[in-house]
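Asks: pasting a predicted model and its sequence here:
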Amino acid sequence: MLISTIQPDQYQRQFEEKVGSALTLLAPFAPPEPTLYASPPLGYRLRAEFRMWHEGDALDYVMFPPGKPKEPIVVSDFPIATSRITDCMPMLRQSLQRSAILRRRLFQVEFLSSCSGNLLVTLIYHRPLDAEWEVAATALAAQLNCDLIGRSRKQKVIIGKDWVDESLQIQGSTYDYRQPEQCFTQPNGSINQRMIEWLLTHTPPCQTDLLELYCGVGNFTLPLAQRFRRVLATELNKRATAAATHNAAANSIHNLELARLSAAEMSQAMAGDRLFRRLSTLKEPLDSFAFKTLLVDPPRAGIDIDTLGLAKGFDRILYISCNPKTLSENLTALSETHSIETLAFFDQFPYTQHLESGVILKRRPI
C-alpha cells in the first residue's frame, strides 16, 4: 500500500465498491443480504514493515511501487497504523540515524503492536550482530519502551520478549492472547473484534463439537470454545500452535485440544487414510468427537480439495475468507451440499482490493 492511496474522504465509497465486486462473485450462490463492517479510516493497522533506505547521512523508511524495486518512496507518516506505531516511528528513525552501531547495514524494520498498547520492533540486518550491538539495542528498547528483536542470517537476538500481549473485550468477557513475532495475527484490531462477535452471535450454544482448521494462535478458538461441548483445533505452524496452547491455558479454556496438523493432514486423518503421531496426545481418540460444526480461516489460496471433501460432511461451516475469488471457487464445490445462511463483509484492509468475508453455510436437507 502506498501513502497516496490513503484517502479517508473516499473510504466509504471504496468499501462499497469492494462489497459490490464481492457480491457479483457470490451471486451464483444466492447469498442473503450481507451485514457490513467498515473499518476506522485511520489508526487501525497493528502491523507494519518498511525497508530502510541509506542515502549518505540520511536514513528513511521507504516502500516501493508494485514492480519497481529500485524506486523507493520515502514514508514520513503512516496514518493507517496504530498510534503506538506512529508515535514510535520518528523516535526510532532518529535514534537509528544517530547510532553508527544500530544503523550499519540495517535492511528492514518491522512493527507489531496490539490493541492493548504493546509494541515489538524487529530490526533486520545484512551483518552479524555482536555484543556491542546488543548493548546499544537494549538502550534503544528502554528509550522506546518496547520489546526489540535483532535479526540477521541464522541469528536472532531478543531484547525483552519476542511476542506482544493482547487483551480483547468480547461480549462482556476478556480474552488474553500471546501473539508471537512471525506468526499470523489479524492486522486490523477493530475489525478483528467485530469478526469474533459476529461468529459468536451466529453460533448458539450446543452439545456437539467443533473442528477448527488454521486456528493460528487461537484468535477465534478461545471465545468460540464456550459455545461447544469440545473443540479440536489444528494449526501447522509450531510457534502458533505453542502460543495457542499457552493462550488456552491462560484463559482457562478446558474443553479445547490442539494438534499440529495442516488442514489437508487433518482431512486425511478424519477420512482414516493416515495415522498421525501428532494426534496421539489427544486425551480421547479422534473418533470420540461428535463434530457437527467446522470453522475455517484459510490463506488467500482458499481451501484445498481434500478439505473441501471433509467440509461437505458437516452440518454447519463457519468460513472466514480473505479472498472473495477463492471463496467463490470453494463455494462452487460446497454449494453441492450446503447453502449460505448468513453473510458478512469485514473491511480488514482499507484502501486495498482485499476484503474479508464471513459466510455461514448449512447443510441442505437430504
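Replies: Perfect, thanks for sending it. Numbering: from 1, shown residues only.

Asks: put the alpha carbons of stretch 171-188 into PDB.
Replies: Extracted in PDB, the C-alpha atoms of stretch 171-188 (Å, rounded to 0.1, in the frame of the first residue of the first chain):
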ATOM      1  CA  GLN A 171     -19.300  -9.600  24.600                       C
ATOM      2  CA  GLY A 172     -18.600  -8.900  28.200                       C
ATOM      3  CA  SER A 173     -15.600 -11.300  28.600                       C
ATOM      4  CA  THR A 174     -11.900 -10.700  28.500                       C
ATOM      5  CA  TYR A 175      -9.600 -12.900  26.400                       C
ATOM      6  CA  ASP A 176      -5.800 -12.600  26.700                       C
ATOM      7  CA  TYR A 177      -3.500 -13.700  23.900                       C
ATOM      8  CA  ARG A 178       0.200 -14.100  23.400                       C
ATOM      9  CA  GLN A 179       0.900 -13.100  19.700                       C
ATOM     10  CA  PRO A 180       4.500 -14.100  18.700                       C
ATOM     11  CA  GLU A 181       6.600 -12.400  16.100                       C
ATOM     12  CA  GLN A 182       6.400 -14.100  12.700                       C
ATOM     13  CA  CYS A 183       3.100 -15.700  13.400                       C
ATOM     14  CA  PHE A 184      -0.100 -14.600  11.600                       C
ATOM     15  CA  THR A 185      -2.300 -12.300  13.600                       C
ATOM     16  CA  GLN A 186      -5.200 -10.200  12.400                       C
ATOM     17  CA  PRO A 187      -3.900  -6.900  11.300                       C
ATOM     18  CA  ASN A 188      -6.900  -4.700  12.000                       C
END
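
Asks: now the helices: where do they sit in the stretch 1-150 of the chain?
Replies: 11-26, 83-98, 100-103, 131-144 (DSSP state H, counting those that start in this stretch).

Asks: start to end distance for stretch 225-244?
Replies: Stretch 225-244 has an end-to-end distance of 13 Å (criterion: Cα to Cα, to the nearest Å).

Asks: chain center to that stretch: distance?
Replies: How far stretch 225-244 lies from its chain's middle: 14 Å, per Cα atoms, centre = their mean, to the nearest Å.

Asks: buried residues in that stretch?
Replies: 225, 227-228, 230-237, 240-244 (16 or more other Cβ atoms under 10 Å). Bear in mind the C-beta positions are built from the backbone N, C-alpha and C, glycine included.

Asks: circling back to that earlier point, need the helices of the stretch 1-150 of the chain in a markdown table with mean pLDDT, mean neighbour count and distance to V121, can you?
Replies: Converted to a markdown table, these look like this (pLDDT from 0 to 100; neighbours: other Cβ atoms under 10 Å; distance: least, Cβ to Cβ, whole Å):
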| stretch | mean pLDDT | mean neighbour count | distance to V121 |
| --- | --- | --- | --- |
| helix 11-26 | 97 | 16 | 28 |
| helix 83-98 | 97 | 17 | 7 |
| helix 100-103 | 97 | 16 | 11 |
| helix 131-144 | 98 | 15 | 7 |
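
Asks: would you convert those into JSON lines that also reports distance to P350?
Replies: Below are the helices of the stretch 1-150 of the chain laid out as JSON lines (distance: least, Cβ to Cβ, whole Å):
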{"stretch": "helix 11-26", "distance to P350": "6"}
{"stretch": "helix 83-98", "distance to P350": "16"}
{"stretch": "helix 100-103", "distance to P350": "32"}
{"stretch": "helix 131-144", "distance to P350": "27"}
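
Asks: nearest to G218 among those would be which one?
Replies: Ranking the helices of the stretch 1-150 of the chain by their distance to G218 (criterion: Cβ to Cβ) puts helix 83-98 first, at 22.6 Å.

Asks: tell me what the closest one is packed against?
Replies: Judged by 3 or more Cβ pairs under 8 Å, 6 or more residues apart in numbering; DSSP states H and E, helix 83-98 is in contact with strand 58-63, helix 100-103, strand 106-113, strand 119-125, helix 131-144.

Asks: now with 6 Å?
Replies: strand 106-113 (3 or more Cβ pairs under 6 Å, 6 or more residues apart in numbering; DSSP states H and E).

Asks: tell me the buried residues in the strand it packs on?
Replies: Per 16+ other Cβ under 10 Å, strand 106-113 contains these buried residues: L106, V109, E110, F111, L112, S113.

Asks: the third one bridge partners, please.
Replies: On DSSP bridges, the residues paired with E110 through beta bridges are E49, T122.

Asks: wait, it sits on L123?
Replies: No - with contact defined as Cβ atoms under 6 Å, E110 and L123 do not form a contacting pair (8.3 Å).

Asks: need the strands for the stretch 251-366 of the chain, in chain order.
Replies: Using DSSP state E, counting those that start in this stretch, the strands of the stretch 251-366 of the chain run over residues 256-259, 291-296, 316-321, 338-346, 356-363.

Asks: for the third one, packing partners?
Replies: Which is strand 316-321. With contacts defined as 3+ Cβ pairs under 6 Å, 6+ apart, the packing partners of strand 316-321 are strand 291-296, strand 356-363.

Asks: what's the average pLDDT for that strand?
Replies: Summarised as a single mean, pLDDT over strand 316-321 is 98.

Asks: who does that strand pair up with?
Replies: With DSSP bridges as the test, strand 316-321 is paired with strand 291-296 (parallel), strand 356-363 (antiparallel).

Asks: figure out which of those is closest to F64.
Replies: With Cβ to Cβ as the criterion, F64 lies closest to strand 356-363 of the strands paired with strand 316-321, at 25.2 Å.
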